[in-house]
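> 3D model of this:
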Amino acid sequence: MTKKKTSPEQGRRIRVLVAKPGLDGHDRGAKVVARALRDAGMEVIYTGLRQTPEMIAEAALQEDVDVVGLSILSGAHMALTPRVMELLRANKQSHVKVFIGGIIPDEDLQRLIKMGVAGVFGPGASTEDIVRDVQKAMAG
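The predicted structure follows:
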(Lines give C-alpha, C1' and ligand atoms only; values in the text may rest on other atoms or scores of the structure.)
Protein backbone atom coordinates (compact mmCIF):
# COMPACT_ATOMS: atom_id res chain seq x y z
CA MET A 1 0.00 0.00 0.00
CA THR A 2 1.41 3.39 -0.99
CA LYS A 3 0.82 6.37 1.25
CA LYS A 4 -0.58 9.40 -0.50
CA LYS A 5 1.64 12.42 -0.84
CA THR A 6 0.65 15.13 1.62
CA SER A 7 2.61 17.88 -0.11
CA PRO A 8 1.90 17.57 -3.85
CA GLU A 9 3.83 20.70 -4.79
CA GLN A 10 6.96 19.09 -3.35
CA GLY A 11 6.32 15.70 -4.93
CA ARG A 12 6.88 13.98 -1.59
CA ARG A 13 5.26 13.47 1.77
CA ILE A 14 5.59 16.17 4.41
CA ARG A 15 8.57 15.40 6.65
CA VAL A 16 8.08 16.31 10.32
CA LEU A 17 10.60 16.28 13.15
CA VAL A 18 8.93 15.95 16.56
CA ALA A 19 11.25 16.97 19.39
CA LYS A 20 11.22 17.31 23.17
CA PRO A 21 13.63 20.14 24.00
CA GLY A 22 14.94 20.86 27.45
CA LEU A 23 14.64 18.85 30.62
CA ASP A 24 11.00 17.87 30.27
CA GLY A 25 10.64 14.12 30.65
CA HIS A 26 7.01 13.69 29.59
CA ASP A 27 6.61 12.56 26.01
CA ARG A 28 3.23 10.86 25.83
CA GLY A 29 1.61 13.82 24.02
CA ALA A 30 4.51 14.09 21.57
CA LYS A 31 4.15 10.41 20.73
CA VAL A 32 0.39 10.75 20.21
CA VAL A 33 0.92 13.69 17.86
CA ALA A 34 3.73 11.88 16.01
CA ARG A 35 1.45 8.90 15.44
CA ALA A 36 -1.42 11.10 14.21
CA LEU A 37 0.86 12.87 11.74
CA ARG A 38 2.20 9.53 10.52
CA ASP A 39 -1.32 8.14 10.19
CA ALA A 40 -2.17 11.20 8.08
CA GLY A 41 0.55 10.19 5.61
CA MET A 42 3.45 12.30 6.81
CA GLU A 43 6.97 11.04 7.43
CA VAL A 44 7.72 11.56 11.12
CA ILE A 45 11.07 11.52 12.89
CA TYR A 46 10.87 11.54 16.70
CA THR A 47 14.08 12.66 18.40
CA GLY A 48 13.31 11.49 21.91
CA LEU A 49 13.62 13.26 25.25
CA ARG A 50 15.93 16.00 26.49
CA GLN A 51 17.11 17.43 23.19
CA THR A 52 19.09 20.66 23.00
CA PRO A 53 18.12 23.28 20.43
CA GLU A 54 21.40 22.47 18.66
CA MET A 55 20.51 18.77 18.47
CA ILE A 56 17.06 19.61 17.12
CA ALA A 57 18.36 22.00 14.45
CA GLU A 58 21.02 19.50 13.38
CA ALA A 59 18.44 16.70 13.13
CA ALA A 60 16.15 18.99 11.12
CA LEU A 61 19.00 19.68 8.72
CA GLN A 62 20.13 16.06 8.43
CA GLU A 63 16.58 14.77 7.95
CA ASP A 64 15.65 17.55 5.47
CA VAL A 65 12.35 18.22 7.25
CA ASP A 66 9.56 20.60 6.30
CA VAL A 67 8.19 20.98 9.83
CA VAL A 68 9.59 20.94 13.36
CA GLY A 69 7.14 20.20 16.16
CA LEU A 70 8.35 21.12 19.64
CA SER A 71 6.64 19.63 22.68
CA ILE A 72 7.42 21.76 25.72
CA LEU A 73 5.76 21.24 29.08
CA SER A 74 8.54 22.69 31.24
CA GLY A 75 7.73 26.38 30.79
CA ALA A 76 10.98 27.02 28.89
CA HIS A 77 9.24 27.70 25.56
CA MET A 78 10.31 31.37 25.42
CA ALA A 79 13.97 30.36 25.75
CA LEU A 80 14.02 27.18 23.68
CA THR A 81 11.81 28.16 20.74
CA PRO A 82 13.72 31.32 19.70
CA ARG A 83 17.00 29.39 19.87
CA VAL A 84 15.69 26.56 17.67
CA MET A 85 14.38 29.11 15.16
CA GLU A 86 17.68 31.02 15.19
CA LEU A 87 19.59 27.81 14.48
CA LEU A 88 17.19 26.83 11.69
CA ARG A 89 17.79 30.24 10.06
CA ALA A 90 21.56 29.80 10.48
CA ASN A 91 21.24 26.45 8.66
CA LYS A 92 19.36 28.20 5.82
CA GLN A 93 16.15 26.46 6.86
CA SER A 94 13.95 29.49 7.43
CA HIS A 95 11.35 27.73 5.22
CA VAL A 96 10.84 25.08 7.93
CA LYS A 97 7.53 25.59 9.76
CA VAL A 98 7.72 25.41 13.55
CA PHE A 99 4.79 24.28 15.69
CA ILE A 100 4.69 24.13 19.48
CA GLY A 101 2.62 22.00 21.76
CA GLY A 102 2.47 22.04 25.52
CA ILE A 103 1.73 24.33 28.41
CA ILE A 104 1.87 27.78 26.81
CA PRO A 105 0.43 30.74 28.75
CA ASP A 106 -1.95 32.98 26.79
CA GLU A 107 0.34 35.97 27.23
CA ASP A 108 3.10 34.18 25.25
CA LEU A 109 0.95 33.18 22.25
CA GLN A 110 1.28 36.43 20.30
CA ARG A 111 5.03 36.66 20.97
CA LEU A 112 5.51 33.16 19.59
CA ILE A 113 3.41 33.90 16.51
CA LYS A 114 5.32 37.17 15.94
CA MET A 115 8.63 35.31 16.04
CA GLY A 116 7.34 33.04 13.27
CA VAL A 117 5.83 30.03 15.01
CA ALA A 118 3.23 28.56 12.64
CA GLY A 119 0.94 27.15 15.34
CA VAL A 120 0.60 26.67 19.08
CA PHE A 121 -1.39 23.81 20.62
CA GLY A 122 -2.27 23.52 24.28
CA PRO A 123 -3.45 20.57 26.33
CA GLY A 124 -6.53 18.97 24.83
CA ALA A 125 -5.83 20.11 21.26
CA SER A 126 -7.25 17.57 18.85
CA THR A 127 -4.90 15.62 16.65
CA GLU A 128 -7.24 16.40 13.73
CA ASP A 129 -6.64 20.13 14.27
CA ILE A 130 -2.89 19.61 14.45
CA VAL A 131 -2.82 17.53 11.25
CA ARG A 132 -5.02 20.05 9.45
CA ASP A 133 -2.89 23.01 10.54
CA VAL A 134 0.35 21.34 9.47
CA GLN A 135 -1.13 20.47 6.07
CA LYS A 136 -2.51 24.00 5.70
CA ALA A 137 0.87 25.58 6.58
CA MET A 138 2.59 23.42 3.98
CA ALA A 139 0.00 24.17 1.30
CA GLY A 140 0.44 27.90 1.44
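> okay, CA-based contacts and neighbour counts for the rest of this
Will do.
> residues contacting Tyr46?
Neighbour list for Tyr46: Leu17, Val18, Ala19, Lys31, Ala34 [criterion: C-alpha atoms under 8 Å, 6 or more residues apart in numbering].
> Three-state assignment for the residue nearest in space to the middle of the chain, please.
Taking C-alpha atoms, centre = their mean as the criterion, Gly69 is the residue nearest the geometric centre of the chain, at 1.2 Å. Of the three states, Gly69 takes strand according to DSSP: H, G, I helix; E, B strand; the rest coil.
> if I look at it, how far off is Gly75?
When C-alpha to C-alpha, to the nearest Å is applied, the distance between Gly69 and Gly75 equals 16 Å.
> before we move on, what about Glu107?
Applying C-alpha to C-alpha, one obtains 13 Å for the distance of Glu107 from Gly75.
> who has more neighbours out of those two?
Using other C-alpha atoms under 10 Å, the more surrounded residue of Glu107 and Gly75 is Gly75, with 14 against 8.
> in contact with the more buried one, which residues?
Shown in contact with Gly75 (C-alpha under 8 Å, 6+ apart): Ile103, Ile104.
> just send the contacts of Tyr46 back as a markdown table, with secondary structure, distance to Gly140 and neighbour count too.
Conversion of those to a markdown table gives the following (DSSP: H, G, I helix; E, B strand; the rest coil; distance: C-alpha to C-alpha, whole Å; neighbours: other C-alpha atoms under 10 Å):
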| residue | secondary structure | distance to Gly140 | neighbour count |
| --- | --- | --- | --- |
| Leu17 | strand | 19 | 23 |
| Val18 | strand | 21 | 26 |
| Ala19 | strand | 24 | 29 |
| Lys31 | helix | 26 | 16 |
| Ala34 | helix | 22 | 24 |
